[in-house]
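Novice: next come a sequence and a model predicted from it.
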Amino acid sequence: MLDLLKQYFGYDRFRPLQEEIISNVLAKNDSLVIMPTGGGKSLCYQLPALQLHGLTLVVSPLIALMKDQVDGLKAIGIRAEFLNSSLTFAEMERVRGAALQGELKILYVSPERLALDSFKALLNHLSVSLVAVDEAHCISEWGHDFRPDYMHLGEVRRSMPDVPFIALTATATPKVRDDIVNQLGLKSPQRFVASFNRENLNYEVRAKRNAFGQLVEMLESRRGQSAIIYCQSRKETEEIAQDLRQYDISANAYHAGMDADDRRRTQEGFIAGEYPVVVATIAFGMGIDKPDVRLVVHYSMPKTLEGYYQETGRAGRDGLPSDCVLLFSYGDRSRQEYFVNQVEDQLERQKLKIKLDQVVAFCQLRSCRRRYLLEYFGDETLADTDDQNSCQGCDVCITPLEKFDATVISQKIMSAIVRCGQRFGITHIGAVLLGSKGKKVLELGHDKLKVYGIVNDYDRTQIREISELLIDRGLIARSDDRFATLRVTDEGRKVLKQRDRIFLSRPKQEPTQRRQRRQPERSQSSPGELFERLRELRLTIAREQGVPAFVVFTDASLKDMAAKMPRTLQEFARVSGVGKVKLEQYGEQFLSEIRDFVGSDAPTSEANGRTHSINRSVRREGSTYAQTKELLAQGLSVRQVAYQRGVTLGTVASHVEMMVANGMSVELESSLPGGAHLGKIEAAIYQAGGTSAKLSDVMDIIGGNYTYEDVRIVRAHILQLNGPNGQS
Ligand code: ADP
Ligand code: ZN
């Protein structure tokens, strides 16, 4: 089994439970597998499929994923196909033919297909050795995702009583588990329940202060990496995606209100690695099987911990360190409570309230967040470790907080806010408290107030920090407008009046050392740079072959490759994720990229492929325009060119304009805004007087939804098509 694991999948060892499950399957027993997302469920039936004589049938409701999965299997030399409604009749016939000829090892089918009589007839002629039921909770009406077509599986089961079945799911309460066993008619199945601890995920709850700024900061330090931002409303997803694009972060919105085409484009672009950031409502995710999502942000508070666990679970399926950041504010909490209170049904309302309180409790934890989550899901993995804060993968464990008595300073800050008439921001409040002789303080006569100059044990920065903590605690509030004026909340007035003691929490002065793996990757020296280059190569190959980037290699493989820096095919074979087929297919290309990186004196073969020579030819050809032109010609968008070259989008736009003005032809296909956007911008340019119109006039006409660069690129496109008198 280990041989098969290495030869096909390129892995050296099994993940927890995989080996036990596979043995059980090969012994022809039924299995029920409950494993979190990213745990490695697929291998539990894919590897047995190689060993067994006949066909392995995989039932999965996630039609959108089937093609990628099958492409992934083909890429490692496993004969697999799928049958679902996306195929043409001819394609369907071909797959049926191949199945009947016994040419396939694995066949994916959708539950809809399975329900058809024609498929049941086909089944009678196939020699099926194993049936895998993915997302098995769909068979249960108690689950959250019931699919009536799954009921047909009971019948399939009865028609082949001797074939082992394996049912797999990431979510199942005990009730749903029993339901799966009963509905599928599993025969004394062995149950495998993996730990729900996602060790590679780092959980963090941050006070939401300048949320958008916090978001940009997170994304900028992870440029090029995949991230999902979950928002509350459809409108919010669009606004944030739009705003992020102003920062040159190629983000797309996704929500259930968009038309199917736009949704598909966002989803495919995300999976393919072209648009790394998606700003979405929780509608996004079901069926997103992207292994290298490095960051999941909850821009507002989730409604339930189940949802939170599921959404954060989309990060780091490849097992590499990934971050889950929840931005928490009392404002969001009140908003959620408001929505819950609108629910008519009393029982339902009660239920939602309890769920919401659990989320709030999670956000306010002073102890390990991971442990809380696991215990919530009945997972005892961490329960008997002595150290309550030992996970080293959540903000509480990494930076322990300490409580301190902030009664006096808090009272002073709140009094100053009240006495200044609740019309000023923290800068002014601080100035008054510290007894500033500044013009504004004197002009307003605030030097006459009782609170003037009463603080001498805190400085400006500290006063600012305390006031942030008071905001987090809901004792004072800041206005949303640009004046950011402070006021004391009802809660704050109560506390002031009752002279309650006020304890605040701040990070302990000496934070414990972060675990090694949490070091920022960007600052690493060469392996980091090499990794980036290998990613580029992977993207180029993926484009050529029309498959998602991770079908070529996962991030985990590239990381390992960059760390090991293999020089020969033999060494290359030791990289995680490199099996026999990938070694043959990609070995040389990646090796030469590595050699190229390690040093120009190392021998390189000019013969193999244009991909790795891109970097070199660009370097040779010199001119900055030529570089831009070349990258555009390879199908990169202007944004991607800017990112790849480390220059601003504006610079790339001027290159394009310059070249077009000089009559050079430039490839702009991937840079033009999609769908109706192109038409809208074109219309605005014409309306403003054509390609020689002032950009600002065009911007006035289309409103704030586009950037100057969008307009400049469209203008260049028009010029290129029609010449300078484009308005004719
Ligand atoms: P699940 O279906 O449980 O969400 P997958 O089957 O998609 O998880 O596996 C998640 C990732 O882990 C994939 O990229 C897969 O290739 C990888 N993987 C699975 N088993 C192993 C293993 N034994 N060693 C290394 N990586 C593995
Ligand atoms: Zn922890």
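Specialist: Received the coordinates, thanks. Ligands and ions are numbered 1, 2, ... in the order given.

Novice: the stretch 251-400 of the chain: helices as residue ranges?
Specialist: Taking DSSP state H, counting those that start in this stretch as the criterion, the stretch 251-400 of the chain carries its helices at 260-272, 305-312, 330-342, 346-363, 369-376, 395-398.

Novice: got the buried residues for the last one?
Specialist: The neighbour-count check on helix 395-398 (16 or more other Cβ atoms under 10 Å) flags Asp395, Val396, Cys397, Ile398 as buried. Glycine gets a C-beta too; all of them are placed from N, C-alpha and C.

Novice: surely the third one touches Arg371?
Specialist: In this case it means Cys397. No. Cys397 is beyond contact range of Arg371, at 9.0 Å (criterion: Cβ atoms under 8 Å).

Novice: what is in contact with the two at once?
Specialist: Common contacts of Cys397 and Arg371 (Cβ atoms under 8 Å, 6 or more residues apart in numbering): Cys391.

Novice: quick one: closest of the helices of the stretch 251-400 of the chain to Asn29.
Specialist: Closest to Asn29 of these, according to Cβ to Cβ: helix 369-376, at 28.7 Å.

Novice: which other helices and strands contact that closest one?
Specialist: Counting contacts by 3 or more Cβ pairs under 8 Å, 6 or more residues apart in numbering; DSSP states H and E, helix 369-376 is packed against strand 201-207, helix 305-312, helix 346-363, helix 395-398.

Novice: so which bits of it are buried?
Specialist: For helix 369-376, burial by neighbour count (16+ other Cβ under 10 Å) applies to Arg369, Arg370, Arg371, Tyr372, Leu373, Leu374, Tyr376.

Novice: on that earlier part again, and the helices and strands packed on helix 369-376 as TSV, adding mean pLDDT and distance to ligand 1?
Specialist: Compiled in TSV, the helices and strands packed on helix 369-376 are given as follows (pLDDT from 0 to 100; distance: least, Cβ to the nearest ligand atom, whole Å):
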stretch	mean pLDDT	distance to ligand 1
strand 201-207	93	13
helix 305-312	90	12
helix 346-363	89	23
helix 395-398	87	25
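
Novice: can you list the ones you listed in TSV and add distance to ligand 2?
Specialist: Formatted as TSV, the helices and strands packed on helix 369-376 follow (distance: least, Cβ to the ion, whole Å):
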stretch	distance to ligand 2
strand 201-207	7
helix 305-312	14
helix 346-363	12
helix 395-398	3
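
Novice: now for those, which one comes closest to His152?
Specialist: helix 305-312 (26.4 Å).

Novice: distance from the closest one to the middle of the chain?
Specialist: 13 Å (Cα atoms, centre = their mean, to the nearest Å).

Novice: with only the CA atoms kept, save that helix in CSV.
Specialist: Taking Å, rounded to 0.1, in the frame of the first residue of the first chain, the C-alpha atoms of helix 305-312 are listed here in CSV:
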residue,chain,number,x,y,z
LEU,A,305,-20.0,27.9,15.4
GLU,A,306,-21.0,25.2,13.0
GLY,A,307,-20.8,27.7,10.2
TYR,A,308,-17.6,29.2,11.5
TYR,A,309,-15.9,25.8,11.6
GLN,A,310,-17.1,24.9,8.2
GLU,A,311,-16.1,28.2,6.6
THR,A,312,-12.7,28.3,8.3
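
Novice: so where's this structure uncertain?
Specialist: 143-144, 172, 286-287, 383-389, 400, 507-526, 599-623, 704, 723-728 (pLDDT under 70).

Novice: what's the domain layout of it?
Specialist: 2-193, 201-396, 402-506, 527-722 (automatic domain parsing).

Novice: contacting residues around whichever residue of the stretch 551-700 of the chain sits closest to ligand 2?
Specialist: The stretch 551-700 of the chain approaches ligand 2 most closely through Ala556 (23.5 Å), counting by Cβ to the ion. Ala556 makes contacts with Pro291, Asp318, Gly319, Leu320, Ser576, Gly577, as judged by Cβ under 8 Å, 6+ apart.

Novice: now do the helices in the stretch 601-728 of the chain.
Specialist: Using DSSP H, counting those that start in this stretch, helices in the stretch 601-728 of the chain cover 613-621, 624-633, 638-645, 649-661, 675-687, 695-702, 708-722.

Novice: got TSV for the buried residues of helix 395-398, with distance to Met301 too?
Specialist: Listed next are these as TSV, based on distance: Cβ to Cβ, whole Å:
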residue	distance to Met301
Asp395	16
Val396	17
Cys397	21
Ile398	21
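
Novice: for Ile21, give me its contacts.
Specialist: Ile21 neighbours (Cβ under 8 Å, 6+ apart): Ser31, Val33, Cys44, Ile166, Phe192.
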